[in-house]
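> Let's see this in three dimensions:
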Amino acid sequence: MCLRFVRIDQSRYKSIRIIMTHVGFIGIGLMGLPMCKRLLTAGVSLSVWNRNPTKCLPLVELGASQASSIADIAQQCDVIMLCVSNTQAVQEVVESLLPYLRKGQIIVDFSSISPDATNVLNKQVSSKGVSWVDCPVSGGVAGAQAGTLAMMAGGDESVVSSVEPLLLNLGQRLTYMGKSGSGQTTKICNQMIVSCNVLVIAEVMAMAKRAGVDAAKIPQALTGGFADSIPLQLTGSRMAVQDFDEIKWHVKTLLKDLDMAGDLGKALGSATPMSGLGAQLMRQHASHGFADKDPATLVTLYEAMLNSDSTNDEQK
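Have a look, this model is predicted:
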């Protein structure tokens, strides 16, 4: 299979138009939907599939073809992109793809999954002459919508280079990290930083509010300083006013990634005490009905702790 790419100056979208390549996208969720919209804007010939088919309808209205099955994606597409919830979901998708894959296809997995499982999946599809690129992304829904995702790729370097023009429709940069599984390992490192960051932001917001500070202004006050971060700007003010209605990412996703960090650290003999504590706090929060909620709700975890402490002090 030969992938041919033509670069066209489209400053409005900063996109790269793809010619003669049919792309399949499996997983039209919080991230998958805006990523597919970016591909369609760039003129990519796109087929989409999702377990809940109604989620594909906005993309069909924009020009995508809706595949009736995963088998259709495998039979029709040159490049197959995956963006699903966890390791098990990717494994189930690949199990359905395997009988229909053909030599020369490329699978790009945007999901955040286990590096060890990635290596197994790579070997499975390689037996069919198919290349696997693990390419998790960072930047959240806002980054997917704007096409500013950071992408970290593992796999055969020449294969990664061949799909780079296609992937740059989705992000501001693609960094090749090394052999199969390297992209997933890098994403785990990313999530360790993000998760611990958002937990501290929640702690700060709860404390600031209790001290009588206008906590909603903290992101503004810290802009450009060493404490500034994208999570602070995205979630800080929402934590301050308890604006939880819009779900931009999920507590359960951060918990999954922190658990993978613990597993990887254990396998490598590398200490991960901060991430370990973060996982337990995230698990505590998820267990109270917040697993499917936005991490901005983490502020309620600390507020509940503060209220409990106050009650205990009053009773003494």
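> Do you have the helices of the stretch 1-150 of the chain handy? List them.
Along the stretch 1-150 of the chain, counting by DSSP state H, counting those that start in this stretch, helices occupy 32-41, 57-61, 70-76, 87-97, 115-126, 140-146.
> Those: which one's closest to residue 164?
Of all the helices of the stretch 1-150 of the chain, it is helix 32-41 that lies closest to residue 164, at 14.3 Å by Cβ to Cβ. The way it works is simple: take the backbone N, C-alpha and C, and place the C-beta from them, glycine included.
> Pull the distance from that closest one to the chain's centre.
Here helix 32-41 is found 14 Å from its chain centre; the criterion is Cα atoms, centre = their mean, to the nearest Å.
> Could you export it as CSV, CA atoms only?
Provided in CSV are the C-alpha atoms of helix 32-41 (Å, rounded to 0.1, in the frame of the first residue of the first chain):
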residue,chain,number,x,y,z
GLY,A,32,-13.0,10.7,18.9
LEU,A,33,-15.7,13.0,17.7
PRO,A,34,-13.7,16.2,17.5
MET,A,35,-10.7,14.3,16.1
CYS,A,36,-12.9,12.9,13.3
LYS,A,37,-14.2,16.4,12.6
ARG,A,38,-10.6,17.6,12.2
LEU,A,39,-10.0,14.8,9.7
LEU,A,40,-13.1,15.6,7.7
THR,A,41,-12.2,19.3,7.6
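> average pLDDT for that helix?
Mean pLDDT, helix 32-41: 98.
> Who are the packing partners of it?
Under the contact definition 3 or more Cβ pairs under 8 Å, 6 or more residues apart in numbering; DSSP states H and E, helix 32-41 sits against strand 22-26, strand 45-49, helix 57-61, helix 140-146.
> Let me have these in CSV, adding distance to residue 273 and mean neighbour count as columns.
Output for those, formatted as CSV (distance: least, Cβ to Cβ, whole Å; neighbours: other Cβ atoms under 10 Å):
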stretch, distance to residue 273, mean neighbour count
strand 22-26, 37, 25
strand 45-49, 41, 23
helix 57-61, 43, 14
helix 140-146, 26, 18
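> between the ones you listed, which gets the lowest average pLDDT?
Among those, helix 140-146 scores lowest, at a mean of 94.
> packing partners for it?
The contact analysis (3+ Cβ pairs under 8 Å, 6+ apart) places helix 140-146 against helix 32-41, helix 230-241.
> May I see the ones you listed organised as TSV, with distance to residue 132 and mean neighbour count added?
Shown next, in TSV, are the helices and strands packed on helix 140-146 (distance: least, Cβ to Cβ, whole Å; neighbours: other Cβ under 10 Å):
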stretch	distance to residue 132	mean neighbour count
helix 32-41	18	22
helix 230-241	29	21
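> I'd like the ones you listed laid out as JSON lines, including distance to residue 47.
Shown next, in JSON lines, are the helices and strands packed on helix 140-146 (distance: least, Cβ to Cβ, whole Å):
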{"stretch": "helix 32-41", "distance to residue 47": "10"}
{"stretch": "helix 230-241", "distance to residue 47": "32"}
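> No further questions, thank you.
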